[in-house]
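*Asks:* got a sequence here, can you model it:
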Amino acid sequence: MRFEIRQCLHCQLRFPQPTGQVEEVTCPACGSPTRQEFVFAPSRTPLSPPSESPLQGALLDNIRSTWNVGAMFRTADGAGLRHLYLCGYTSTPENPKVGKTALGAEQTLTWSHHPNGLEIAQTLRAEGKRLVALEGGGRAEPIFHLAHAWEDRAVVLVVGNEVAGVDPGILELCEQVVSIPMMGVKESLNAAVAFGIAVYALRFGVIDSR
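*Replies:* Just a heads-up that it's a prediction; the model follows:
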């Protein structure tokens, strides 16, 4: 898809617009006429060949926002995860709202739904998978200080409810708890943003900056 950059002749607003959609493009801010500055095709990052990683999936337990679920699908696809375990009332791709932020990733990534997150966590542990929770508290260690010693075991990242956090029963099954350092006044990040940071840190490795 090609875009054009247009500029308002009145308020000077500069904005992108897909080419060829309408003959006359008016300013979305003030409604005045605009002029085309130039036409371009957005740069795309070349697809990387798949590589093996211990981090193979994520368990999303009682994520209340469909926007967050969709964004997590897109991030998981980008990082090369294999499967998402959608637990509790976490929305599945059967909800069309998930697709609005997943942007097709919900069709390329495998997923399964589990009403009881604790039960599937127990199953994953029984299968030999290592559960790593993204959570605060006394057990948590900064994710950027994490030393990888996972050998050949598959890792599943656990993310809990946006407000309540990870279910205590599931947290007990997690062999490791990681957190994202917060430098401002807020105690946590948006769940989908935190998920993205954690997935890429665990998937591609982190540098110990202590």
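*Asks:* and what about the residue most central in space within the chain, helix, strand or coil?
*Replies:* A centroid search over the chain (C-alpha atoms, centre = their mean) returns M72, at 3.1 Å, as the residue closest to the centre. Classification of M72 by DSSP: H, G, I helix; E, B strand; the rest coil places it in helix.
*Asks:* and the closest residue to it other than its chain neighbours, how many neighbours?
*Replies:* Distance criterion C-beta to C-beta, 6 or more residues apart in numbering; nearest residue to M72, sequence neighbours excluded, is F195 at 5.1 Å. Quick note: C-beta positions are derived from backbone N, CA and C, even for glycine. As a burial measure, F195 scores 23 neighbours (other C-beta atoms under 10 Å).
*Asks:* distance check, F195 against G138.
*Replies:* Distance, F195 to G138, using C-beta to C-beta, to the nearest Å: 22 Å.
*Asks:* got it, and A194?
*Replies:* From A194 to G138 the distance is 19 Å (C-beta to C-beta).
*Asks:* quick check on the two: which one has the bigger neighbour count.
*Replies:* Under the criterion of other C-beta under 10 Å, the comparison of A194 against G138 puts A194 first, with 19 against 5.
*Asks:* dump the residue contacts of the spatially closest residue to that one that is not a sequence neighbour.
*Replies:* Spatial nearest neighbour of A194, chain neighbours left out: I180 (5.7 Å); criterion: C-beta to C-beta, 6+ apart. With contacts defined as C-beta atoms under 8 Å, 6 or more residues apart in numbering, the neighbours of I180 are 134, 142-143, 188-189, 194, 197-198.
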